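Participant: I'd like to go over a predicted model; first the sequence, then the structure.
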Amino acid sequence: MNIIEGTLQLESIETVARDTKKFRFSVLQQALNFTAGQFVSLQFNETSWRAYSIASSPEESELELVVRIISGGVGSTALDKAQIGDRFNFKGPFGHFVLSDTPQARLIFCGTGTGIAPLRSMILTEKKRNMLLFYGGRNREDIAYLDEVETWSENLEIKLGLSREDNPENLGAYAKNVRITKYLESLEITPQDEFYICGNGDMAKGVEALLKDRGVEKSKIFMERFN
Ligand SMILES: Cc1cc2nc3c(=O)[nH]c(=O)nc-3n(C[C@H](O)[C@H](O)[C@H](O)COP(=O)(O)OP(=O)(O)OC[C@H]3O[C@@H](n4cnc5c(N)ncnc54)[C@H](O)[C@@H]3O)c2cc1C
């Protein structure tokens, strides 16, 4: 993929979870060709660039980012204040967190918070292989794509883990009051399984350690850590 430098123009903003906003941009002047799972880097001032995984699929005309607004953060503050029509310099695409082309693989995705971004792009792109998504947060307010996750693919099984949901009625049909690692402890793992993990460092490290303990080969574990 060619890395380009260009301009993104903000077309829509939506609050999708606690402290989390979804931004859709048009890419001005030139096409951004990327592989699902990659990220772009946005410029906020002369020296500050921040990485954001692309949540839209490469087939969509607009670029979607889902961003956790961290109080006082350089990128967070700029995006939180941004208005429709604002423009940002960007570079990209970057990254090697992309799907394998192993035909018989079952693709198992593990994501928390905004870590769902590259997983969404991958799931929307995959047309054939069976997929399983473990998507976690403290409670429903942490889950950015709750209203649409079921529409992403017919080949996708979804397990929601809400580790601190006090109201059992909020759990719904496929959610459990557990951490993602709890699901993985009892998952029947086969040599065909590939694991794609994205989110904060602690979650990613915890999932990786558990998979290694369960005998999953390193070559079957793919990770993107946001911090
Ligand atoms: C490959 C990659 C992809 C990424 N994709 C996304 C994405 O899709 N969505 C998204 O929201 N973020 C994503 N990030 C994280 C993002 O790049 C920024 O690091 C993050 O948004 C904080 O930037 P900031 O400028 O707002 O805060 P900064 O000005 O960098 O930091 C402000 C304060 O917040 C703390 N901080 C920084 N990051 C975090 C964090 N994750 N949690 C808690 N505190 C933090 C810092 O230690 C500092 O004290 C990604 C990071 C990488 C490396």
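Facilitator: That came in fine, so what should we check first? Numbering: from 1, shown residues only.
Participant: if I look at the residue in the chain positioned nearest to the ligand, how far off is R225?
Facilitator: Nearest residue of the chain to the ligand, counting by CB to the nearest ligand atom: G73, 2.2 Å away. All C-beta atoms are positioned from the backbone trio N, CA, C, and that covers glycine. To R225, G73 is 17 Å away according to CB to CB, to the nearest Å.
Participant: what separates the longest strand anywhere in the chain from the chain centre, distance-wise?
Facilitator: Using DSSP state E, we find that the single longest strand of the chain is strand 4-17. Between the centre of strand 4-17 and the centre of its chain there are 16 Å (CA atoms, centre = their mean, to the nearest Å).
Participant: let's number from 685 now, not from 1
Facilitator: Yep, numbering from 685; the last one is strand 688-701 now.
Participant: Let me know the average pLDDT across it.
Facilitator: The pLDDT scores in strand 688-701 average 97.
Participant: Can you name every helix or strand that the helix or strand encompassing S725 contacts?
Facilitator: Assessed by DSSP states H and E, S725 sits inside strand 723-727. Judged by 3 or more CB pairs under 8 Å, 6 or more residues apart in numbering; DSSP states H and E, strand 723-727 is in contact with strand 733-737, strand 771-778.
Participant: contacting residues for G797?
Facilitator: Shown in contact with G797 (CB atoms under 8 Å, 6 or more residues apart in numbering): A701, T704, R752, G821, D826, A828, G883, N884.
Participant: swap the cut-off to 7 Å and go again
Facilitator: For G797, the contact set (CB atoms under 7 Å, 6 or more residues apart in numbering) comprises R752, G821, D826, G883, N884.
Participant: Using TSV, lay out these together with neighbour count.
Facilitator: Output for these, formatted as TSV (neighbours: other CB atoms under 10 Å):
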residue	neighbour count
R752	18
G821	27
D826	22
G883	26
N884	16
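Participant: ok, which of these also contact the ligand?
Facilitator: R752, N884 (CB under 6 Å from any ligand atom).
Participant: Which ones among the contacts of G797 map onto helices?
Facilitator: Using DSSP state H, no member of the contacts of G797 falls within helices.
Participant: Looking at the contacts of G797, which is nearest P777?
Facilitator: G883 (19.8 Å; CB to CB).
Participant: now for the lowest-mean-pLDDT helix or strand in the chain, which elements pack on it?
Facilitator: Sorting the helices and strands of the chain by mean pLDDT, DSSP states H and E puts strand 859-860 at the bottom, at a mean of 72. If you count contacts as 3 or more CB pairs under 7 Å, 6 or more residues apart in numbering; DSSP states H and E, strand 859-860 packs onto strand 840-846.
Participant: If we go by neighbour counts, what in the strand it packs on is buried?
Facilitator: For strand 840-846, a neighbour-count test (16 or more other CB atoms under 10 Å) marks L840, I842, K843, L844, G845, L846 as buried.
Participant: Now the helices and strands packed on strand 723-727 in TSV, please, with extra columns for mean pLDDT, distance to S696 and mean neighbour count.
Facilitator: As requested, the helices and strands packed on strand 723-727 are arranged in TSV below (pLDDT from 0 to 100; distance: least, CB to CB, whole Å; neighbours: other CB atoms under 10 Å):
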stretch	mean pLDDT	distance to S696	mean neighbour count
strand 733-737	98	16	20
strand 771-778	98	14	18
